[in-house]
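Chemist: Okay, structure incoming, though there's no sequence with it:
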Ligand code: SF4
């Protein structure tokens, strides 16, 4: 019997397997940031252990850092301590760090692919659940806790029970105007937040093959939002074209050897998945969330659902609570929901393609009165590229704020936060209670919907923007 | 890590599903660089609400949390486990745990006991009928007991063994150092490195 893509990668990384024990897996790349690493380095110090492979480890600063006043020290003292602790640890243990001010600084999941460190067939971990992003290249990538960070630092390996294998068959083509973000939001609503629990998920089908690398990253990024251990996409020419010439991509003969290996990784025709789910891409229209988990979503053309419409009693109670927290009434058209703040950024949608599409939609429009729009590039390189293309000018002319790179309002650990009751349309990946600031209310959206919402002041699609342009013309 | 065999303590009924890590401990509380002191952040938003279960006198000394399905979804923050432990919890009972949360619990020494959904319903009813009542989580026999109720719970064999023995994961793995070195010797040369190799 053949093997799936994930099984091939898994088997290629088993250091040791024994009956009744999880497999010991070798880790090809360990990414680190300031929030989940201090206690791990402390553990190493206490036990007198070194970092086994600093050359397979990379650190960056992203979660805490401010996106304004970049030339000043971090004003929040606790945040500053955490960042400084990372700098000390990186220095002491010989780990490469891209700190604030470095051209390669940025959100850890934007930086890895950008440097060409994320490659097919690898195992990649990071003390961050959105490590699943890197699966877009055909690697097994997942988030780990701080004890595991310490374990990987000390041993470059991790003991893991082999998850089950799931295929997500995406049938049909995404219609014009629908995006990878709409697809993954719709899938999570279809499968619920626990649907992927215990599985590595492979996203398959023509619609996936047609996506750019960055759109594939958007999909894989949100694998964790439906509980999957990891999400991945088989590598193909799109993957190789993206990688070739990047700073850490193999060169010359090593490139040919690598590509030959990468091509061998696809799921065999006779491989069997433990579970297969199907989603019809051709029916997907702009999709947004109404509740407080990423599985509480609905088409933008729809209404806020009635909790009574949920059969499962837990879901019904959750929906009631969510509507109360979100300050929404069942039956309200989603388009009628007025939004205070629009956040464009994060490791889900803070890459150059996202900013290009956002700028193109802003062209000729202004941000609605009473609405603020924050545009936060995912990395310094994304920021510089955008500035080179003049995208920053478009954003500023429209009345949006153009910021420095980092996680920013995705989780509000820095000063970019919502105030209680404030409502956002956000291109990030989590709409949990208080995620973007205590009492804040988040609607997850695509960059396209974010821009239209920023211009119109209520949840809206690019098609609504066109109507506006026509009406004004 | 301390050994865990069985624990009996006050059970707190948390009648919620999808308790995500941002609820267990919001990001603003993650800035500490030490491993203790996270109890302040535990359920911080909900603790502003007087009627919240942990604000009721009967549950002040609760050590076993009984929650709805999909507990610990969201972020990889082990701080969620530390916050629960710093607050005094020794075990969490739920019909379904998020993978990363479950893994983190096993590493840090918190027992994540997975039970059938109707067991949680019965435990809730039992605890609400008699606030402050105790629950026993017996890792040896993999059962939870409360009053007349006795039900099995699931936890994987390996995690159970490590918790029973109180073993440090890193030390176990380092005892297989030869295997790791042998693997490194056969890794393909085209794999990327962040630094020139030593
Ligand atoms: S952008 Fe958001 S989801 Fe991504 S790593 Fe940063 S905080 Fe996590």
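Modeler: Sure, I can see it. Owing to the predicted nature of the structure, the values given are computational and were not obtained by experimental measurement.
Chemist: Check what pLDDT residue 182 gets.
Modeler: This is for chain A. At residue A:182, the pLDDT value in this model is 98.
Chemist: wrong one, chain B
Modeler: 98.
Chemist: tally of neighbours for it?
Modeler: Look at residue B:182: counted by other C-beta atoms under 10 Å in any protein chain shown, it has 12 neighbours. The way it works is simple: take the backbone N, C-alpha and C, and place the C-beta from them, glycine included.
Chemist: how near is it to residue A:121?
Modeler: Distance of residue B:182 to residue A:121, computed by C-beta to C-beta, to the nearest Å: 20 Å.
Chemist: Show me the shaky parts of the stretch 151-300 of chain A.
Modeler: Across the stretch 151-300 of chain A, nothing is flagged by pLDDT under 70.
Chemist: And the strands in it, which stretches?
Modeler: A:157-160, A:164-171, A:199-204, A:230-232, A:275-280, A:287-289, A:297-299 (DSSP state E, counting those that start in this stretch).
Chemist: and if you look at chain B?
Modeler: B:6-14, B:64-67, B:91-94, B:111-114, B:134-138, B:143-146, B:149-152 (DSSP state E).
Chemist: will you turn these into CSV that also has distance to residue B:186, mean neighbour count and mean pLDDT?
Modeler: Listed next are those as CSV, based on distance: least, C-beta to C-beta, whole Å; neighbours: other C-beta atoms under 10 Å in any protein chain shown; pLDDT from 0 to 100:
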stretch, distance to residue B:186, mean neighbour count, mean pLDDT
strand B:6-14, 45, 20, 98
strand B:64-67, 45, 26, 98
strand B:91-94, 41, 26, 98
strand B:111-114, 36, 23, 98
strand B:134-138, 44, 20, 98
strand B:143-146, 45, 20, 98
strand B:149-152, 43, 14, 97
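Chemist: could those strands be laid out in TSV, adding distance to the ligand?
Modeler: Formatted as TSV, these follow (distance: least, C-beta to the nearest ligand atom, whole Å):
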stretch	distance to the ligand
strand B:6-14	25
strand B:64-67	24
strand B:91-94	24
strand B:111-114	23
strand B:134-138	32
strand B:143-146	34
strand B:149-152	37
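Chemist: and those as CSV, adding distance to chain A?
Modeler: Compiled in CSV, the strands of chain B are given as follows (distance: least, C-beta to the nearest C-beta, whole Å):
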stretch, distance to chain A
strand B:6-14, 13
strand B:64-67, 11
strand B:91-94, 11
strand B:111-114, 11
strand B:134-138, 21
strand B:143-146, 20
strand B:149-152, 19
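Chemist: Quick one: the ones you listed as CSV, columns for distance to residue A:273 too.
Modeler: Rendered in CSV, the data for the strands of chain B read as follows (distance: least, C-beta to C-beta, whole Å):
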stretch, distance to residue A:273
strand B:6-14, 35
strand B:64-67, 31
strand B:91-94, 27
strand B:111-114, 24
strand B:134-138, 35
strand B:143-146, 34
strand B:149-152, 30
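Chemist: for residue B:164, what are its contacts?
Modeler: By C-beta atoms under 8 Å, 6 or more residues apart in numbering or on different chains, the residues touching residue B:164 are B:3-5, B:139-140.
Chemist: gap between it and chain A?
Modeler: 14 Å (C-beta to the nearest C-beta, to the nearest Å).
Chemist: What distance do you get for that residue to residue B:109?
Modeler: Using C-beta to C-beta, one gets 11 Å for the distance from residue B:164 to residue B:109.
Chemist: Can you get me a residue count around the residue of the stretch 351-473 of chain A found nearest chain B?
Modeler: Distances between the stretch 351-473 of chain A and chain B by C-beta to the nearest C-beta are smallest at residue A:432, namely 4.1 Å. Residue A:432: 23 surrounding residues under other C-beta under 10 Å.
Chemist: same question, the one 10 residues further on
Modeler: Neighbours of residue A:442 under the rule other C-beta under 10 Å: 29.
Chemist: cool, residue B:20 as well?
Modeler: Here the number of neighbours of residue B:20 (other C-beta under 10 Å) works out to 25.
Chemist: do the same with residue B:122
Modeler: Count around residue B:122 with other C-beta under 10 Å applied: 18.
Chemist: Now do the contacts for it.
Modeler: B:149, B:151.
Chemist: One more: the one 3 residues further on?
Modeler: With C-beta under 8 Å, 6+ apart as the criterion, no residue contacts residue B:125.
Chemist: where's it relative to chain A, distance?
Modeler: For residue B:125 relative to chain A (C-beta to the nearest C-beta), the value is 14 Å.
Chemist: Spatially central residue for chain B, please.
Modeler: residue B:105 (3.8 Å; C-alpha atoms, centre = their mean).
Chemist: Nice, that's everything, thank you.
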